[in-house]
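Student: dropping the sequence and predicted coords here.
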Amino acid sequence: TAAARAVDARKTYGTGEAAVHALAGVTVDFPQHAYTAIMGPSGSGKSTLMQCVAGLDRLTSGSAYIGETDISTLSKTELTLLRRDRLGFIFQQYNLIPSLTARENILLPLTLAGEKPDEAWLDEVVGTVGMADRLGNLPSQLSGGQQQRVAVARALVPRPDIVFADEPTGALDSRTGIEILTFMRRAVDETGQTIVMVTHDPHAASYADQVLFLADGQIVDRMANPTADRVL
Ligand code: ADP
Ligand code: ADP
C-alpha cells in the first residue's frame, strides 16, 4: 500500500463569490520508500495538498490516508497523535527553539513523546547531515544551512513513516540547498524513508523519484524520474 494517499481531495477556502478552490479533486498515491516532489505555480494548491495529507489541515471533501488510516475520520487529538508518532516535518523556516542546543532540538519530538533516543541511529542521522561536531551549538550559532540540517535531522530521528517538506531549500543559497537535498535523497536510499516535498524549484524536484505537477488545484501531469538516484 501507499505511504499516503489522497482520494478526490477538495479544499475550498471561503464561500460564495469569495470561494477559492485550492484543491479541485486530487487523487494521488505517495509510494513507500520513495521521494515525491509536488511542483506547480504559486497558488496552485501545493501547500494545501501537503497540509491536508499531513493532517495539518482538513479537506472540505474527499479523503486523505496515512497508510491505511483515513485521517478525515480522526478527531483533532487523534490527528495530533498520528502526526507526532508517524510523521516528520521540514519547513522553509527551520522552526528551531532558540534556547535549545542542536542536539536538544533534534531530540525534541522524542522528548515530547516521552521516548529515549536510539543513540546509534541518532549518530547515523547526525553524521548523514554533517552536524556531528555542532550538536552543542544554539541555533543562533549556526548558519541558515546548518539550522536546516538540524531541522532535517529532527524530522528523521524519530523514524517517521513519512517526512513532509514544504520548500525545504527555499531560504537557502543554491549550494546549501543542494546539500540539504542530497541528505534527503540519502535518507530515501539508505534508510528507506518516504518523503513528500513541495517545491517550485525544478532542480530540487530532480532529486525526487516521482514529480507531480499541480495547476489550479488539480494534478495536470506526473513524471517518474528513473535517474533520481544518479543525482548523487
Ligand atoms: P501553493 O502552495 O501552490 O502556492 P496554496 O496551497 O498555498 O498554493 O494555495 C492555493 C490557493 O488557496 C491559493 O489561491 C491561496 O491563495 C489559497 N489559500 C491557501 N490558504 C488559504 C487560506 N488559509 N485562506 C484562504 N485562501 C487560502
Ligand atoms: P507557500 O509558498 O508554501 O505556498 P504561502 O506563502 O502561499 O506558502 O502560504 C503560507 C501560509 O499562508 C499557508 O499556511 C497558507 O495556508 C496560508 N495562506 C496562503 N494563501 C492565503 C490566503 N490567501 N489567505 C490566508 N492564508 C493564506
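Tutor: On my side now, so go ahead. Residues are numbered from 1 along each chain as shown. Ligands and ions are numbered 1, 2, ... in the order given.
Student: C-alpha only now, for contacts and for neighbours.
Tutor: Noted.
Student: near ligand 1, which residues of this protein?
Tutor: If contact is defined as C-alpha under 6 Å from any ligand atom, the residues of the chain in contact with ligand 1 are Y13, V20, A22, P41, S42, G43, S44, G45, K46, S47, T48.
Student: if you set the cut-off to 8 Å instead, what comes out?
Tutor: With the criterion set to C-alpha under 8 Å from any ligand atom, the chain comes near ligand 1 through 12-14, 20-23, 39-49, 198, 214-217.
Student: under the pLDDT cut-off, which ranges of this protein? List them.
Tutor: Counting by pLDDT under 70, the chain contains low-confidence residues at 229-232.
Student: and the helices in it?
Tutor: When assigned using DSSP state H, the helices of the chain occupy the ranges 46-53, 76-86, 102-112, 119-128, 144-156, 174-191, 202-205.
Student: okay, the last one in CSV with CA atoms only?
Tutor: The C-alpha atoms that make up helix 202-205 are tabulated as CSV, following Å, rounded to 0.1, in the frame of the first residue of the first chain:
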residue,chain,number,x,y,z
PRO,A,202,12.9,22.2,-10.9
HIS,A,203,16.4,21.4,-9.6
ALA,A,204,15.0,20.4,-6.2
ALA,A,205,12.4,18.3,-7.9
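Student: before we move on, back to that, can you select the buried ones from the residues of the chain next to ligand 1 in ChimeraX?
Tutor: Entered in ChimeraX, the line below selects the buried ones among the residues of the chain next to ligand 1, by 16 or more other C-alpha atoms under 10 Å:
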select :12,21,22,23,39,40,44,45,46,47,48,49,198,214,215,216,217
